[in-house]
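**Student:** based on what follows, work out the 3D shape:
(2 chains)
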Amino acid sequence: AAGVIQSPRHLIKEKRETATLKCYPIPRHDTVYWYQQGPGQDPQFLISFYEKMQSDKGSIPDRFSAQQFSDYHSELNMSSLELGDSALYFCASSLQKGLQGKLFFGSGTQLSVL
Amino acid sequence: SQQGEEDPQALSIQEGENATMNCSYKTSINNLQWYRQNSGRGLVHLILIRSNEREKHSGRLRVTLDTSKKSSSLLITASRAADTASYFCATDAGNTGKLIFGQGTTLQVKP
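**Tutor:** Prediction:
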C-alpha cells in the first residue's frame, strides 16, 4: 500500500540558508500535518492543511511557511535557518481532518543546520 | 513535553515478558493514540482509544484509558526483540489530528 512520501530524506544546510521539505500524502487523503521532532524530544505539531487550506497552527516559527497544493502534496519552507532548527521533520496525512483519528506518518526529513 | 509524562522513560525486559507503559495528560481529550518509533524513523500508529472507551485490544496490545485520572497505559504482552522501539502516547482534543505527544518510553527487549 502507498505510504506518505517525504523528500529529501536528509538535508544539510548552513545557518541563514533556506530549506524546502516536500510531502506527498497517501492517495485520497485530504489532510496533511507537519511535525518537528528535536533530538531526544517528542514530536511537536507545526501546522496542518485540509483541502488545501490551512486548518490548524501550532508552534511554527514565523520563519517557516507551508502550503498544500492542488494535488494535495505539501511543502514546508524554512528560511533564515538556525542551529536549533536541526530536527526530524515529519509529515503525516489522514482522511477528513483527523475525524477517523489515525494519522499516517512519513519516514521524515532529517535536517541538519551547521 | 506539552502534554505530560510518560512513565517509565526507559524500560528493559527479556523476550517473553510483558511491558507496561503509562501516559498522563493534562487537557480534555477526544481520543488518545499510541505510536511506535524505531530509532530515527517514522511514527507508526498502533492503537486509538476514544474518550468514551475504557479498554481496547489489538493483537498483543492492550490499552486502557482513565479519563478521571487523565492517564492511559499500554501493555505489550509476550514481548519480542522486534518490539524494541520508542513508544509515544498522543492526545487529540478535537478529532482534528493535531496531536500532542508525550515524552515517550524507550523499550528494549533483550533476546
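
**Student:** export only the CA atoms of the helix or strand where A:Y35 lies, formatted as CSV.
**Tutor:** Assigned by DSSP states H and E, A:Y35 belongs to strand A:31-37. Output of strand A:31-37 as CSV, limited to C-alpha atoms (Å, rounded to 0.1, in the frame of the first residue of the first chain):
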residue,chain,number,x,y,z
THR,A,31,-5.4,16.4,5.3
VAL,A,32,-1.6,16.9,5.8
TYR,A,33,0.2,17.7,9.0
TRP,A,34,3.7,18.8,9.8
TYR,A,35,5.5,17.8,13.0
GLN,A,36,9.0,18.6,14.2
GLN,A,37,11.0,16.3,16.5
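
**Student:** any part of that strand near chain B?
**Tutor:** Yes. Strand A:31-37 reaches chain B (CB under 8 Å from any CB of the partner chain) through A:T31, A:Y33, A:Y35. In short, each C-beta sits where N, CA and C put it, glycine included.

**Student:** please work out how many residues are found near the first one.
**Tutor:** A count of nearby residues for A:T31, using other CB atoms under 10 Å in any protein chain shown, gives 25.

**Student:** what do you get for the second one?
**Tutor:** The number of residues packed near A:Y33 is 32, by other CB under 10 Å.

**Student:** now swap in the last one and tell me
**Tutor:** Number of residues near A:Y35 (other CB under 10 Å) recorded here: 27.

**Student:** which residues touch it?
**Tutor:** A:P43, A:Q44, A:F45, A:L46, A:Y89, A:F90, A:C91, A:A92, A:F105, B:L99 (CB atoms under 8 Å, 6 or more residues apart in numbering or on different chains).

**Student:** the fourth one: which element?
**Tutor:** What it means is A:L46. Using DSSP H and E, the element containing A:L46 is strand A:44-50.

**Student:** quick check: closest non-adjacent residue to the spatially most central residue of chain A.
**Tutor:** Nearest to the mean C-alpha position of chain A, by CA atoms, centre = their mean, lies A:W34 at 3.2 Å. Of all residues not flanking A:W34 in the chain, A:L46 sits nearest, at 4.2 Å (CB to CB, 6 or more residues apart in numbering or on different chains).

**Student:** now do the same contact list for the one you found.
**Tutor:** A:Y33, A:W34, A:Y35, A:Q36, A:K57, A:G58, A:S59, A:I60, A:F64, A:A66, A:L76.

**Student:** tell me the pLDDT at it?
**Tutor:** Per-residue confidence at A:L46 stands at 96 (pLDDT).

**Student:** so where's the chain uncertain?
**Tutor:** Unless you meant another one, I'm taking chain A. A:1, A:97-100 (pLDDT under 70).

**Student:** my bad, the chain I had in mind was chain B
**Tutor:** For chain B (pLDDT under 70), the answer is B:1-4.

**Student:** for it, what lies in contact range of chain A?
**Tutor:** B:1-3, B:31, B:33, B:35, B:40-45, B:48, B:50, B:88, B:90, B:92, B:95-104.

**Student:** how much space between B:F88 and A:Y35?
**Tutor:** Using CB to CB, to the nearest Å, one gets 11 Å for the distance from B:F88 to A:Y35.

**Student:** B:S51 reaches B:D66, doesn't it?
**Tutor:** No. Using CB atoms under 8 Å, B:S51 is not in contact with B:D66, being 10.8 Å away.

**Student:** and those two? Which one has more around it.
**Tutor:** A side-by-side neighbour count of B:S51 and B:D66, using other CB under 10 Å, places B:S51 first with 15 against 12.

**Student:** first vs last residue of stretch A:104-114, how far apart are they?
**Tutor:** 30 Å (CA to CA, to the nearest Å).
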